[in-house]
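S.K.: Provided below are the primary sequence and the corresponding predicted coordinates.
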Amino acid sequence: GTICFNVAAEAEAELTAAIQAENLISDRWDLLMGGEEAIAACRAFLADYTPPTELTLVRAAPDTPPELMRAMGETAAAKGVLPPAGEALRGETRRGACFFAVDEEGGVAATAGAVMRNHADSDWADTAWWGMLATRDDWAGRGLALWLGALTLVAMADDFGTRRFLTGVRSDNAPSQGLCRKLGLGDSGLVAIAAADPEAFGDQPLTK
């Protein structure tokens, strides 16, 4: 299993050293955060964007066919993205939203998701994890990640009253950093540090 810490950037080195001293592997991401400015940016993007007519928009729900959920997971995994449990993305066990675009062959061209995953007593209780942005290579450059990411963020705001959004992105992942910033998420002064059992995860990155 893994455990993830949201810590101030200046505490990163000390925490990483402590994790490694326990013979665990560590991973890290910049944490980007957005609030009302992100909601406004997403609404503005959606007002101007015209989706490709060849795609069908789907929001994950309890009655979404299993084969579509599997295809969504495969599209995400192919881009190094680890989706939350399907039950959460379908809104069955958590307040969550997941959108994906289905092509004419029934494949998932792109996806995005968000989940309220923190305990009610947590300092992060009002914050949604948002992201899971993944686009198949043959659909790259069409703005699908921006479209689905904006739809997901606005759905969380409108359906659940979410006003704060958090995502983790690697420092060297310039495309994802740029995409998140276009949708109004910015530097939080925090980093996410994960600790994992090397016997379970090996030495590969946990997600992108």
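M.R.: On my side now, so go ahead. Numbers count the residues shown, from 1 in each chain.
S.K.: quick one: Ala76 is in a strand?
M.R.: No: judged by DSSP: H, G, I helix; E, B strand; the rest coil, Ala76 forms no part of a strand; its state is helix.
S.K.: does it really touch Leu89, like I thought?
M.R.: No: applying CB atoms under 8 Å, one finds Ala76 not in contact with Leu89, separated by 10.3 Å. In short, each C-beta sits where N, CA and C put it, glycine included.
S.K.: in the chain, what spans have low per-residue confidence?
M.R.: Along the chain, segments meeting pLDDT under 70 span 1-3, 200-208.
S.K.: which stretches of it form strands?
M.R.: 2-8, 25-34, 56-59, 96-102, 108-115, 127-135, 164-169, 186-196 (DSSP state E).
S.K.: turn the ones you listed into CSV, including mean neighbour count and distance to Pro66.
M.R.: As requested, the strands of the chain are arranged in CSV below (neighbours: other CB atoms under 10 Å; distance: least, CB to CB, whole Å):
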stretch, mean neighbour count, distance to Pro66
strand 2-8, 14, 26
strand 25-34, 21, 30
strand 56-59, 15, 13
strand 96-102, 26, 14
strand 108-115, 28, 13
strand 127-135, 26, 18
strand 164-169, 23, 27
strand 186-196, 17, 28
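S.K.: rewinding a little: between Ala76 and Leu89, tell me which one has more neighbours.
M.R.: Using other CB atoms under 10 Å as the criterion, Ala76 and Leu89 rank with Leu89 on top: 29 against 24.
S.K.: what sits against the nearest residue to that one once chain neighbours are set aside?
M.R.: Of all residues not flanking Leu89 in the chain, Cys98 sits nearest, at 3.8 Å (CB to CB, 6 or more residues apart in numbering). The contact partners of Cys98, by CB atoms under 8 Å, 6 or more residues apart in numbering, come to Arg59, Ala60, Met72, Pro83, Leu89, Arg90, Thr111, Ala112, Gly113, Ala114, Met132, Thr152.
S.K.: the first one contacts Ala97, doesn't it?
M.R.: Yes: shown here, Arg59 and Ala97 form a contact pair, counting by CB under 8 Å, at 6.8 Å.
S.K.: list residues touching both of those two?
M.R.: Joint contacts of Arg59 and Ala97 (CB under 8 Å, 6+ apart) are Ala155.
S.K.: what's the neighbour count on Ala41?
M.R.: By the criterion of other CB under 10 Å, Ala41 has 18 neighbours.
S.K.: wait, what's in contact with it?
M.R.: When contacts are counted by CB under 8 Å, 6+ apart, Ala41 touches Gly34, Ala150, Lys182, Leu183, Gly184.
S.K.: who does the first one form a beta bridge with?
M.R.: For Gly34, the beta-bridge partners under DSSP bridges are Phe165.
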